[in-house]
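Asker: Sequence first, predicted coordinates after that:
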There are 2 protein chains.
Amino acid sequence: MKISILGGGGFLGRKVAERLAQSGRLGDHVVTGLTLFDLTPPETLAAPFPVTCLSGDVAELPEAAIPEGTDVVFHLAAVVSAAAEADYELGRRVNLRGTDAVVDACRRLARPPRVVFTSSVASFAGGQEADLADDARQLPTNSYGAQKAAAELILSDAGRRGFLDAVNIRLPTICIRPGAPNKAASSFVSAIVREPLLGLATTLPVGEDFRVWIASPAFATDWLLHAAVLDSALLGADRGINPPGLCASVGEMLDAMERARPGSRALVRAEPDRVIAGIVGGWPAKFQASRAPGLGFSPHGDLDALIAEFLAHDLALTRRMRGL
Amino acid sequence: MKISILGGGGFLGRKVAERLAQSGRLGDHVVTGLTLFDLTPPETLAAPFPVTCLSGDVAELPEAAIPEGTDVVFHLAAVVSAAAEADYELGRRVNLRGTDAVVDACRRLARPPRVVFTSSVASFAGGQEADLADDARQLPTNSYGAQKAAAELILSDAGRRGFLDAVNIRLPTICIRPGAPNKAASSFVSAIVREPLLGLATTLPVGEDFRVWIASPAFATDWLLHAAVLDSALLGADRGINPPGLCASVGEMLDAMERARPGSRALVRAEPDRVIAGIVGGWPAKFQASRAPGLGFSPHGDLDALIAEFLAHDLALTRRMRGL
């Protein structure tokens, strides 16, 4: 099975690549080649199959990024929420023109590949009161979410036409994201736990009763890998999946952190930020995610497991990434 | 008030232009200039204000198509359903890249204009059993509908950002469309009534119990003109309007035609077409359209009024257009 990861240099792309390299398989299939594509050249990794690393603009996707014979494309290349809000042109170019380029690349292949696309909780509205059904309308309150919802439409239609086989995963906010704070409006959701676990002070831009819809990097990676091999005929015309994330309040997250590392909670200082709260406040705090478990997507673990996952796998990685 | 009509050479664009020319006003505002833009040069018309006619590719929209000072843009430029299904590139170029070009043109203006966009019943699924609420999800079953739904997302987001003020009208299938059959999958919906009223034989590709969600040219024009002047603050974040169309079976339409012109029904011959039925069969037959009347959109007349409207206004026009 030949695989391409667009956004293969990002942390989630890297997680997917590492899982493939560790097992040498995707589902029941032996991996025979992996292409990692990103804006800056992705680092290679040791694997029991050839790994090709490429860099470029996803909106001008080179043919080699999705070479002939590709079976699965993970399309994770994106301009994240606050960045797409700050730079309309850039968000549109990467999040929409990039998706068109993926469609065109897939059309050149002899066999239509599975395309696993990371859409987002940010493509929905509803805010703190939401408890969204699987057929809830996407009514985004930010450019990133609008571009993700539009890209889902484009990919689903390209799938219907037989150019590719689309599975659009509306990822929750990833928590705990390794590395440093980034330009996502939701960056604080990881930072309020990651930074104290590193022994660093951090700020909380929303109230402690603010609830978020989250998923750990390991669960998000599991879901993406599962989306690559599930029987897509089970999806019918609706290629959007709301995976079974976790609804947690910021206070509950800080409590779980304090249980794991007593004293860490004292490193979090309230510093309300209306811009951040305005963006993430529009995202729904909860999804029913009724369809996903029946399609084989693993239910999420609890907050203690989420903290334990970070301490076991991503704390040391984060220290290395940041030279701490 | 300065107005641009993109797709100003099409029959609906022409109807809007004629209404503006007749009254010299849009709502309470005096019209001070009109620009008509289309792929082929639109014909000018006599009006109490200057009329500029321009032609070109909407995806490469010339600045003059939406000149400085434009208050209202009617964005009706589109590649219709069967054509967008037959030519993916062309549909994407006009229906998506064209919409991006409209956003960019609006961003150049000193004041953000109202943009009235014609989205479509084809952006929804549900078929014959549907009775869709205003917040129903758009899950299109054809490329035209997918591109219209994506364009709505792009325009709504551009509106939220303050580049323009979007109102997206999901037009029902227009019936009775003047002129000749066209490449829309729904072309038969008009043809089964228009052709017999012209004394011409025609074919019916679906069964007589097949129901359609329709609007007459006059009601569609009314709604577009109203969308240009309504207080858009009343819409909130949801810029999509399902106007109050008419749900009718093909048999009911033929009965109304027979009442108006006895003997005309005999000119309709059943000739099932699975391709056409497959496309229009996915479109919902009925919408609840709960929100539109409260926003001032006129409720639709009955089938007898719809036939009478054609006989009074569009029968002679159609004869002229077709040299009959």
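Answerer: Nice, I can see it.

Asker: Would you tell me which residues of the stretch 101-250 of chain A are close to chain B?
Answerer: A:125, A:135-143, A:146-147, A:149-150, A:153-154, A:156-157, A:160-161, A:237-238 (Cβ under 8 Å from any Cβ of the partner chain). C-betas here are computed from N, CA, C, even on glycine.

Asker: which helices and strands does the longest helix anywhere in chain A pack with?
Answerer: Among the segments of chain A that qualify as a helix by DSSP state H, the longest is helix A:143-160. The contact analysis (3 or more Cβ pairs under 8 Å, 6 or more residues apart in numbering or on different chains; DSSP states H and E) places helix A:143-160 against helix A:81-86, helix A:88-91, helix A:98-108, strand A:114-120, strand A:165-171, helix B:143-160.

Asker: who touches the fourth one?
Answerer: Right, strand A:114-120. Applying Cβ atoms under 8 Å, 6 or more residues apart in numbering or on different chains, the external contacts of strand A:114-120 come out as A:12, A:71-76, A:78, A:81, A:99, A:102, A:106, A:144-145, A:148-149, A:151-152, A:155, A:159, A:164-171, A:224, A:227-229, A:232, A:240.

Asker: Show me what counts as buried in that strand.
Answerer: For strand A:114-120, a neighbour-count test (16 or more other Cβ atoms under 10 Å in any protein chain shown) marks A:114, A:115, A:116, A:117, A:118, A:119, A:120 as buried.

Asker: How confident was the prediction at the third one?
Answerer: The per-residue pLDDT reported for residue A:116 equals 98.

Asker: Provide a list of residues in contact with the nearest residue to it once chain neighbours are set aside.
Answerer: Counting by Cβ to Cβ, 6 or more residues apart in numbering or on different chains, the nearest residue to residue A:116 once its immediate chain neighbours are dropped is residue A:227, at 4.5 Å. Contact analysis of residue A:227 by Cβ under 8 Å, 6+ apart lists A:116, A:167, A:169, A:241, A:297.

Asker: Could you do residue A:53 as well?
Answerer: Residue A:53 sits next to A:8, A:35, A:36, A:37, A:41, A:42, A:43, A:44 when contact means Cβ under 8 Å, 6+ apart.

Asker: what packs against whatever helix or strand the fourth one lives in?
Answerer: It stands for residue A:37. Secondary structure assigned from DSSP states H and E places residue A:37 in strand A:33-38. Judged by 3+ Cβ pairs under 8 Å, 6+ apart, strand A:33-38 is in contact with strand A:2-6, helix A:11-23, strand A:51-55.

Asker: tilt between the first one and strand A:114-120?
Answerer: To tie it back to what came earlier, the one meant is strand A:2-6. On the basis of axes from the mean of the first three to the mean of the last three Cα atoms, to 10 degrees, strand A:2-6 is oriented at 20 degrees to strand A:114-120.

Asker: Direction included, what does strand A:2-6 pair up with?
Answerer: Its sheet considered, strand A:2-6 pairs with strand A:33-38 (parallel), strand A:70-75 (parallel) by DSSP bridges.

Asker: So what touches that strand?
Answerer: Strand A:2-6 is touched from outside by A:13, A:16-17, A:20, A:26, A:31-38, A:58, A:61, A:65-67, A:69-77, A:98, A:102, A:228, with contacts defined as Cβ under 8 Å, 6+ apart.

Asker: The stretch 201-324 of chain A: strands as residue ranges?
Answerer: Counting by DSSP state E, counting those that start in this stretch, the stretch 201-324 of chain A has strands at residues A:202-204, A:211-215, A:240-241, A:246-249, A:268-270.

Asker: Might you calculate how far the shortest one sits from the centre of the chain?
Answerer: Strand A:240-241 sits 13 Å away from the centroid of its parent chain (Cα atoms, centre = their mean, to the nearest Å).

Asker: Over to stretch A:118-129?
Answerer: 13 Å.

Asker: Need the CA coordinates for that stretch. CSV is fine.
Answerer: Extracted C-alpha coordinates of stretch A:118-129, given in CSV (Å, rounded to 0.1, in the frame of the first residue of the first chain):
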residue,chain,number,x,y,z
THR,A,118,-8.9,16.5,8.5
SER,A,119,-11.9,18.8,8.9
SER,A,120,-12.6,20.4,12.2
VAL,A,121,-14.9,21.2,15.0
ALA,A,122,-14.3,24.8,13.9
SER,A,123,-16.6,24.2,10.9
PHE,A,124,-19.6,24.1,13.3
ALA,A,125,-21.3,26.7,15.3
GLY,A,126,-23.3,26.3,18.5
GLY,A,127,-20.8,27.3,21.2
GLN,A,128,-21.0,26.2,24.8
GLU,A,129,-24.6,25.1,24.7
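
Asker: Check the offset of stretch A:162-175 from the chain's centre.
Answerer: Centroid separation for stretch A:162-175 versus its chain: 9 Å, with Cα atoms, centre = their mean.

Asker: next one: stretch A:192-212
Answerer: In terms of Cα atoms, centre = their mean, the centre of stretch A:192-212 is found 20 Å from the chain centre.

Asker: list the buried ones in it?
Answerer: A:192-198, A:202, A:204-206, A:210-212.

Asker: Return the subset of those residues lying in helices.
Answerer: In helices, defined here by DSSP H, the members of those are A:192, A:193, A:194, A:195, A:196, A:197.

Asker: Apart from its neighbours in sequence, what residue is nearest the fourth one?
Answerer: In other words, residue A:195. Nearest non-adjacent residue to residue A:195 (Cβ to Cβ, 6+ apart): residue A:202, at 3.7 Å.

Asker: ok, so what distance separates the residue nearest to residue A:62 when sequence neighbours are not counted from residue B:53?
Answerer: Leaving aside its chain neighbours, residue A:62 sits nearest to residue A:56 (5.4 Å; criterion: Cβ to Cβ, 6+ apart). For residue A:56, the distance to residue B:53 equals 42 Å [Cβ to Cβ, to the nearest Å].

Asker: what about residue A:162, distance to residue A:192?
Answerer: With distances taken as Cβ to Cβ, residue A:162 is found 45 Å from residue A:192.

Asker: ugh, typo on my part, it should be residue A:73
Answerer: In this structure, residue A:73 and residue A:192 are 34 Å apart, going by Cβ to Cβ.

Asker: Tell me how chain A divides into domains.
Answerer: Using automatic domain parsing, the domain ranges for chain A come out as A:2-172+A:217-241, A:187-211+A:246-285+A:300-322.

Asker: Would you tell me which one of those domains is buried the most?
Answerer: domain A:2-172+A:217-241 (a mean of 21; mean count of other Cβ atoms under 10 Å in any protein chain shown).

Asker: Can you give the distance from that domain to the centre of its chain?
Answerer: 9 Å.
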